Each structure stands twice: as structure tokens, then as C-alpha cells.
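>>> Just need the structure, nothing else, for what follows:
(chains A, B and C)
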Amino acid sequence: MFPKNAWYVAAISREIKDRGVLSRTICELPLALYRAQDGTVGALLDRCPHRLFPLSKGEVTQDGLRCGYHGLAFAADGRCTHIPSQDEIPPNARVAAYPVRESHGLIWLWPGDPALAQNTPLPAFETGPGYLSGLDFSCLDESDKWGVAGPHLIEVDANYMLAVDNLLDLTHVAFIHAKTFDNSAILGSERITKTVGENQLIDFFRFKNPMSAPLRAAYMLDQDIPLYDSFLETYWHAPGTMILVHGATPERADREESGTIVMGINAITPATRTSCHYFWSQAVYRNLRGGAVRDAWEIATRNAFAEDEHALRTQQHNLERFGMRELSDGVSLMLKSDKAITLARRTIARLVKDETRGSRLNSSRDNNEGNCNDVA
Amino acid sequence: MFPKNAWYVAAISREIKDRGVLSRTICELPLALYRAQDGTVGALLDRCPHRLFPLSKGEVTQDGLRCGYHGLAFAADGRCTHIPSQDEIPPNARVAAYPVRESHGLIWLWPGDPALAQNTPLPAFETGPGYLSGLDFSCLDESDKWGVAGPHLIEVDANYMLAVDNLLDLTHVAFIHAKTFDNSAILGSERITKTVGENQLIDFFRFKNPMSAPLRAAYMLDQDIPLYDSFLETYWHAPGTMILVHGATPERADREESGTIVMGINAITPATRTSCHYFWSQAVYRNLRGGAVRDAWEIATRNAFAEDEHALRTQQHNLERFGMRELSDGVSLMLKSDKAITLARRTIARLVKDETRGSRLNSSRDNNEGNCNDVA
Amino acid sequence: MFPKNAWYVAAISREIKDRGVLSRTICELPLALYRAQDGTVGALLDRCPHRLFPLSKGEVTQDGLRCGYHGLAFAADGRCTHIPSQDEIPPNARVAAYPVRESHGLIWLWPGDPALAQNTPLPAFETGPGYLSGLDFSCLDESDKWGVAGPHLIEVDANYMLAVDNLLDLTHVAFIHAKTFDNSAILGSERITKTVGENQLIDFFRFKNPMSAPLRAAYMLDQDIPLYDSFLETYWHAPGTMILVHGATPERADREESGTIVMGINAITPATRTSCHYFWSQAVYRNLRGGAVRDAWEIATRNAFAEDEHALRTQQHNLERFGMRELSDGVSLMLKSDKAITLARRTIARLVKDETRGSRLNSSRDNNEGNCNDVA
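As a prediction, the model looks like this:
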């Protein structure tokens, strides 16, 4: 269950080189993503309308993306531009095309109604920490202000909501990441969870923490300070964009001035119903200690996300053993710690419901898919 | 098709060490089997009711079996005993639990209604060879009286009834085990097959046999005797417990006094509809020749059961190629040699039918499964 | 979708040696093909009616094909000839049997109504190049007239019609075989496509061609001649027999006298709905240059068919990604170059429709299948 009318991260910019073609499934749509000769990225449904050969096996030419079987070529808007064996191009020689935007090293895709994409900006957060002048993705551009690890991509064999849920209940850190972070202090945390606007929420943990050896190493903290003010602040934007501001300051010290502040930028994109793409970066504020904190967090996050990937895959596999593909409401026992998960799932359900209602009224999309829409 | 209200061998005792946890599917139920701190074995449905993570990935603590995701712990009766993120334990924080008994190195499990398990003893045979003082599982304890090979476990990718059928028509020995036993004398055997009581049957082969080279070697028979009285006596207890008393004596000699007598203890337990667990042992009466006969039969049985495993997997695969998962009555041609199979399948069908009728009247079980029973 | 009442190539003669047994699925029928003691080939449904064990795991004896599980034997007409454990053979001890013919090193099988097979000859072409005295399979016998590479078998994980379609639109040569043949001249070809009789068609390409380096090498053409008359002439016989006469002559020269003429004999047989057997040979007229042209074409064809196999598997996989198993009419965009494909698919659809209508009237087949026809 995922909204279609939303921007999702589909790829990292560097994954699609000049004239490169990438096969990727986004929200159950098999797509051919490619970089045209002018450098822009196009996204076409990954099947030539002629013999349904995957366009992602083709080549980028001056005519657009050319199919590898009989040579039909297509422009980024889905129109056929060239047929080698005949001069006339039939009007139904089209393939479904999807809106794409590229920004700060990420390629975003809109799997729903293209008309609605035009006036929808990329995800932006309504609130954010004042000392960082809000939250945006410009922190992904390495600068004096930010030391950046990533973006990286992990393919996770689990429904995307399991990955979102996982980040919306960070008490799992005490168990899944027991060795990596050794941080059971989070279990006694003060926690604030609430919705923000229409489709966002915040989920803040604040607690005193002596800081475990692995956390002191990763944040490069002063060994002489016995107790830290620790913070893990999750900002969620539906469906799958999550920024996690985390770090520590000596007790009662000013965060911006003397804190170690790291911003985890996560984008979780449905692939199929049972798999997702997990894009992650860690941006270290002021790139502390000449990049050393950035490098330490790159390693720590890689280790922790390997643990998450294993846990999510295990959880998904267990759902499937019991005949489920997604974890539906009503099946699982809800605890107090699941408040953020409950709020987020409610938001997603509302978005999907609104969209289903909307698509009954509006079928303008169908005209874009040529003669293939009956089998999409 | 299998009865649920029955004791099945679920594991060998040594498979679950102190504080050990084992994931195993019994009668289509994915289970977490574990040994608690007091040494007793518990069996819980293998999914935490919180996020449906497999409990078999957890750890045994003083609170019972602790989930590896968010730390909820459960006792052997399925009650939640600890939730790290909150003090109160909701009444529906339960997981389905199954009765377990441990005896003579085997762990038995009751996948059906727990209330019915209490008054049902482990399988015992109503009849047995008098010279052995009946049949029971005490022969699995190595002693002066018995030399024991096993118990061992073979995972077989075939419906459990194919494995039962296989042992209930030992004429297959002449073909499947042509090389291992070279025993076509069985085809001319006197054979007695009949039901015993409610849910047992016997299937006896008795024949004169010059004994082939591999049989002489395994039984360590005198090379000078030209002809032996050979016996293969199968005792079946529904659904999947089978004791096979086999051996040979010089013609017309007294069996107990001068015979080589081996008892094959087999327990066949459904895993899924298309796979089963096959537990086997061979116990040699009086542990002849200082254990040498025991060792010879360990090797001979291992070889023969590898042939059976291959044949059963091949047969199951063929059923599936033809769109079946089980071999149903009416599909296969029944021969005279299939009398035991027919009687056993009729018994199983009656047990399943009685159980289905019983479960319509009695739904007491449903209360045990907490909030998960809708998806079990 | 395939006609059942048709001769299909099931195997190459050398695949089934003396007393050999081969498991092969033809038109969704799992079969045991075997060579009896008298040298003739039999084809039985690949399951013993007794316990549904695959007969292809058995042995050829004087009684016919003997099952490896309990030793039942069957003759080529499907009758049981021997049951080791009893004397009487029940009348329903039968297995479905299929008509087989062996000719010119190929084994042909009729998966449909055996009664109709008797009066149906193996596929023969109504028309063919006069200079070759027509088209038949005698070119598969190596002789002074023909140098033969093959027959060879490629297993293709694609619906058989995708493989037929592939050969019925040779414009794919310019893209799929861009490196192997470098032959884009075909795109400017004069092309003649038309049906012949009830269930055949021809699809001829004729064009001037400077001949690329790989084609000059394979045909061993004179390097001094700047332009050749090139020809690719496909003869299709429903459902899957295709002869491709290809070659070149110096401009306006007589083909028989001074041309290089190669005959590609292809037989494409459905295995399952998503896979097929692809039998191929290349026969070089007059075995030019002492077999060297034959050897060059063996290599060139092997390379080209590896490209085809990869393309067909990719296409099939893409269909399945989009929820299809076959490429149905109405789904794909039809171009002018698809005329032969359209005609062939129309012929197949008519044959299948006639057959479906016929089988409603005539159910004589059912009596042949013994007690297994309910699950066939």
C-alpha cells in the first residue's frame, strides 16, 4: 500500500552516467531510467510497445532510448521517434513516461498522475531545528558546513513500510544494534511524537546518556565528560522521506555551539510489495575534525544498516511464512512505543484512500499509456 | 492431510542445547523450540505478536524467550513476561504455545488442542514381539540390552504420507535398494497385514532367504549357513510412528536365542504439505559383536535412507509436475501389495475427519492464540 | 497456445541411445522417451500409474520400460506388461502413450489424439526452391550434396511463439545480431510475405548487400566482388517447423551454379507455456570448400542463436514481470514488418480453435489414459 502521487527517490545521480540506462522497479512499475544526450534523465515504462522487450536493454541515441530488439526509439515523453523498418510512426506507438526531477545528487520520480506532479514540489519539511536553518537536502552537497557520507543505496527485501516503521520506533536500537551502538539508555528516554501538518510527523528522543564506547568513538566525544545530553530527532515526510538529526552535547551545553550534530537523510522507496530501495546519507554539521566524524559515521551507519537490512528481511520472510505480504493493522500488537508508527500508517492510509477516490473521478492518465494500459 | 491432535517427534534432544533455540516447522506451524533456564523445552508459534518477528531469532533469558527486535519476552505458556519500553503488559500480549514432552532423547510436540494433550500418552504399541517384552522407546537408551545407532534426522522434501507409504510397502526394497540390500527374495514373501485396535497396524514379511552379500555383511551372519529365516515386521502407530523389527535366524532356529534382531525406530513428522522430518534409529538387540552390528546397520541404513530420500523427493516432485501436492486416493492404481497403505490411509482419513467434526463443536483453542489467531 | 494434433520434434535420435531413457516435457506433457530393445522409440506419460513415480527414472527391460520404484513394466502402447508383486495385471494398469516417428536423425512426437496421427505425414513443404528439388529433411543426412552441422538443441526459457516470431521478423538481425552479422542491409530489403495452403507461409528477403566482414567470412565469399545478391527465404510450417534458405551470389549470377546456399532447419517445440526446445541444423549445399563453410556456419549460428536465446529469455522474463505468460494479440503494437507474425499467429489460432471444437465432438482419447486422465 503506497501513494502513487508522490515524489520518490528512484536513483542516485551517479548511478546513471552519460547515456547510461538503468533498470529499476519503483512502486511496482518496472522502469527504464536513462540519461539522454542532453544530460536530462528520462523514465519510461520498461517495455517497448512493439514486442514488449525491456527498453532498459537498449541504447541511448540521438532519437532517445532505442530498443535493442527491432530498433524503435522513444523520447522522454514516451513518443516513438524512429522505426527502422518503416517511415510512418503510428499514433499509438507510445510508451508510458513518468515525471523525473534531479536535485542535490538524487533522482526523484513521480509514479502517479503526471499532471499532478507539475505543481508538487519535492518533499520539504514544515519544521526543523532552528540552529540548522531548517531541514533541506542541500546538506547533501559537501561544503564547509556539511561533511557528507553517501548517498548510498541498500536493496531491502521487505515491504517499504517495515523500513519506515523500523525508523519510527528507535527503541529497536537497544536490541538490533546492541553490539553496534550499545545504547540501551534510549529505553528510558523522554519521547515526543506528534503529527505536523497534513503528511508529516516528528518523533523526538531526548535522554541523558553516559555514551557507550562505540558511540563515543563514532561521535568522537571527549572521554572525560561522564554524561551527555543525547538526542535522536526523526522528521518524517510521507511516504518515505525521513531525516534523523542525532548527536550529543555535554550536559546542558548549547547544541549548535558545542554539540556533535549529524543529519541522517533517508529515502525509502517501494520497489515491489515485498521489497524497497533504501537510500541513505549522513551529513556531519561543520564536518567536525576534518572529516573524521563523517568517516566514522559512514562506517557505523553501514554496519547498523546491515543489521537493519537483515532484521527487515527476516521480518518480511516471517510475514510470508504466515501467508502475509504486508504487516496490516489489526494483526500486530500495538504498544505505547508504536505511536509514531500508528500515526504514519494512518497518514499513508488516508493518502491512498484520497488517491483511490481521486482516480475514480479522473482518468486523464490513461491516455498517456498508448496501447499498453490494459496490461500495466 | 494430517491429524493435529497427536504427538509428533519434533526434534532430537541434543538438537536443543542449554538455552538453545531452534526454528522448526511442524504440521505447517512455524515454531520456536527452546530450552528454558530450568532445562525444560518450550514451543511457541514463531512470531512475536508485536511486529511478527520470528522468536526463533531471539535469546533465552530468565524471562523466557526474548524477541530480538524490541525485547518482548514470553513464557512457555505463551504469556508475555516483559516489555522493555513499558511497565504494563496488555492482556492480549500472548503467543500461541504448544504442549511438549521429552522422553528417551526425543522431543515430542502436540500441534493440536492443548487440552486434549494432557490425557494422551506418547505413542505406545498394543502388540509387539514377546521375546523383546513388547515395543517401546526405551531401546533408544544404549544399554547391555541394546546397541543404538541414532537418533538421526533426515529432512525429506516429500509429503509425510509418501514416507509412511514407502515403509508400508517394503517390496520397494527389491528396486530402490537393489544395490544396498540386493534382496529380491522379499518379492516371494509370505505377508500378513492387519489393523490393530483403533489406529495401529502390523505388516509382517517372513521368507526363506539365502541372504545377499550386503545383508550377510550388515547382520554379520555365518557364511556357512545356506538359508535363513528372514523377517521384516512393521508396527505402525498413526500418524507417523513406525517400528520395524528385522533380522534373520538360521532355518527354524529360535529367534531370541540365535537370531540377529534389529529394531528400526522411525518417526515421520509433517513439516509442510510437501516436506517432512524423518527421525530414525536402529537398535541392535544384545548389541551383538561388541557394537559391530550396530555400526554396520548405521552405515547400511544411512545408505538405504539416502536412496529413499531421493526416491521420495523424486516422487513428490513428479506429483507437483502433474499439479498435485499430495497423492490422493483414487488417483493411483492400487495393487495387492498396497493393502497396508490403504489401511493406514483409511485410519488417517478417519482421524482427520473426527478431528474436523470435533473442532466444530469445540473452539476452546482459539482463546490461546492472543490476537494472532486470525492469521495463523 | 499450441495445437496438440501436430508432429513436433521431441528429440535428436542420438539423444536416446540403445535402451536409453530421456525425460522431456513436450507441449506441457512430461514424457518418458525411451528406446526399446528392438530399437524403436516409445513415449509414455512420465508417471507410473501405481505410485506416480517418474517412469523416466526407470530401466528398459524385455518387458518394456520398468518403473524404478516397485518394478511395474509398460509397453510402448501404455499397457502394463509385468507386476513383480502379483500375477494378475488389472485392466486399468495403463499409462498414456504417444505416437512417435523417427526420421533423418530426428524423433517426432504427436501430443494429441493418436488416432489422428496415423494418417498425418511428417511436415512437408508445399513449395520450395526448384534448384534444390524442393525442401525436405533428407538434407540432414550428410552426403556429397549436403554438409551438415547439427542437429543441435537449445533449451529456451520463452514461449515457443516468441521463438517463431523471432524468425518471422528477420529485421531483428540488424540489432540483436549487430555484432555477429553486421547486416543492416536487410532493413532496406525487398520483402515478400504470403501464406501457402492451409498452414504454411513464406517470408522472403532479397537485397543487394556489400556483405559485412563476418558474413564474407562465414559464407567464404570472394573478397574482390563489391556487391552480392543476398537472400534470406523463410519457409514456415505450422506450428514450429521452419526452413531458412540463405546465402549470396555475385550480382545477377545464377544461384545454383555460383551461389553459396545454406539451409537452416529449425524445429521449435513447446515445452511449457514459458519454455521451448529449439532444434537447429545448418546444411550447406554441395558442402562447399570441403566442409569449411559448414564449420564456419556451425560457429556463426551457435553465436547468433546464443544471442537469440538471451533475447527471447529477456523478452519472456519481461512479459512475466508485467503479469503475462504469452504475448497475446492486442497487447503489442503491430508494424508492417510484423505481417508474417500476424499471418502465422492467425494460422495457429485457427488450428487451436478447430482442435478445441473437434475435441468436444470426439472424446475417444480419454479411454487411452487409464485411471490417470482426471489429473492429466
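>>> Distance of A:Ser212 relative to A:Ala218?
Separation of A:Ser212 from A:Ala218 (CB to CB, to the nearest Å): 10 Å. All C-beta spots, glycine's among them, are computed from the backbone N, C-alpha and C.
>>> Look at these two and report which has more neighbours.
Ranked by neighbour count (other CB atoms under 10 Å in any protein chain shown), A:Ser212 and A:Ala218 place A:Ala218 first, with 25 against 16.
>>> Was I right to think the more buried one contacts A:Ala296?
Yes - A:Ala218 is within contact range of A:Ala296, at 4.7 Å (criterion: CB atoms under 8 Å).
>>> Tell me the residues that contact both of those two, please.
Common contact partners of A:Ala218 and A:Ala296 (CB atoms under 8 Å, 6 or more residues apart in numbering or on different chains): none.
>>> unless I'm mixing things up, A:Ala97 is touching A:Gly42, no?
Yes - using CB under 8 Å, A:Ala97 is in contact with A:Gly42, at 7.0 Å.
>>> Need the overlap of contacts for these two.
When contacts are counted by CB under 8 Å, 6+ apart, A:Ala97 and A:Gly42 have A:Ala76 as shared neighbours.
>>> residues from the stretch 51-200 of chain A in reach of chain B?
Counting by CB under 8 Å from any CB of the partner chain, the residues of the stretch 51-200 of chain A lying close to chain B are A:Asp165, A:Asp169, A:Thr171, A:His172, A:Ala174, A:Phe175, A:Ile176, A:Leu187.
>>> Out of those residues, grab the one that's most surrounded.
A:His172 (25 neighbours).
>>> can you pull the contacts of it?
Listed by CB under 8 Å, 6+ apart, the contact set of A:His172 reads A:Asn166, A:Ala311, B:Tyr69, B:His70.
>>> per-residue pLDDT, it?
Looking at A:His172, its pLDDT is 97.
>>> so is it in a helix, a strand, or just coil?
helix (DSSP: H, G, I helix; E, B strand; the rest coil).
>>> just A:Asp308 next, same as before
Assigned with three-state DSSP, A:Asp308 falls in the helix class.
>>> Domain map for chain A?
Listed by automatic domain parsing, the domain ranges of chain A are A:8-117, A:130-354.
>>> and A:Thr61, what does it touch?
Shown in contact with A:Thr61 (CB under 8 Å, 6+ apart): A:Gln37, A:Ala73.
>>> List phi and psi for A:Leu327.
For A:Leu327, the backbone dihedrals (degrees, to the nearest 10) come out as phi -90, psi 100.
>>> quick one: the strands in the stretch 1-150 of chain A?
For the stretch 1-150 of chain A, strands defined by DSSP state E, counting those that start in this stretch occupy the ranges A:8-12, A:21-26, A:29-35, A:41-45, A:59-61, A:64-66, A:73-74, A:80-82, A:100-103, A:106-109, A:146-156.
>>> so which of those comes closest to A:Val352?
Closest to A:Val352 of the strands of the stretch 1-150 of chain A, according to CB to CB: strand A:8-12, at 14.2 Å.
>>> hmm, who's touching the host helix or strand of A:Glu257?
A:Glu257 is part of helix A:255-258 when elements are defined by DSSP states H and E. By CB under 8 Å, 6+ apart, the residues outside helix A:255-258 that reach it are A:Tyr131, A:Leu132, A:Asp229, A:Phe231, A:Gly247, A:Thr249, A:Pro250, A:Ile261.
>>> mind checking how far the residue nearest to the first one when sequence neighbours are not counted is from A:Ala292?
This points to A:Tyr131. Distance criterion CB to CB, 6 or more residues apart in numbering or on different chains; nearest residue to A:Tyr131, sequence neighbours excluded, is A:Glu256 at 3.8 Å. Taking CB to CB as the measure, A:Glu256 falls 20 Å from A:Ala292.
>>> Likewise for A:Ile26?
For A:Ile26, the distance to A:Ala292 - CB to CB - is 36 Å.
>>> Name the residue in these two with the higher neighbour count.
Shown here are A:Ile26 and A:Ala292; by other CB under 10 Å, A:Ile26 has more neighbours (24 against 13).
>>> ok, how many other residues are close to A:Ala36?
A count of neighbours around A:Ala36, defined by other CB under 10 Å, yields 18.
>>> wait, what's in contact with it?
With contact set as CB under 8 Å, 6+ apart, A:Ala36 has these partners: A:Arg19, A:Gly42, A:Val60, A:Gly64, A:Leu65, A:Ala76.
>>> What about the fifth one, how many residues nearby?
Meaning A:Leu65. With other CB under 10 Å as criterion, A:Leu65 counts 27.
>>> One more: the third one?
Under the neighbour criterion other CB under 10 Å, A:Val60 is assigned a count of 18.
>>> these two touch, right, it and A:Arg35?
Yes - contact status for A:Val60 versus A:Arg35: in contact at 7.0 Å, counting by CB under 8 Å.
>>> between the two, what contacts are shared?
Jointly contacting A:Val60 and A:Arg35 under the rule CB under 8 Å, 6+ apart are A:Arg19, A:Gly20.
>>> residues in contact with the nearest residue to A:Thr120 once chain neighbours are set aside?
Nearest non-adjacent residue to A:Thr120, counting by CB to CB, 6+ apart: A:Trp7, 6.9 Å away. A:Trp7 is in contact with A:Arg101, A:Trp108, A:Leu109, A:Trp110, A:Ala117, A:Thr120, A:Leu122, A:Pro123, counting by CB under 8 Å, 6+ apart.
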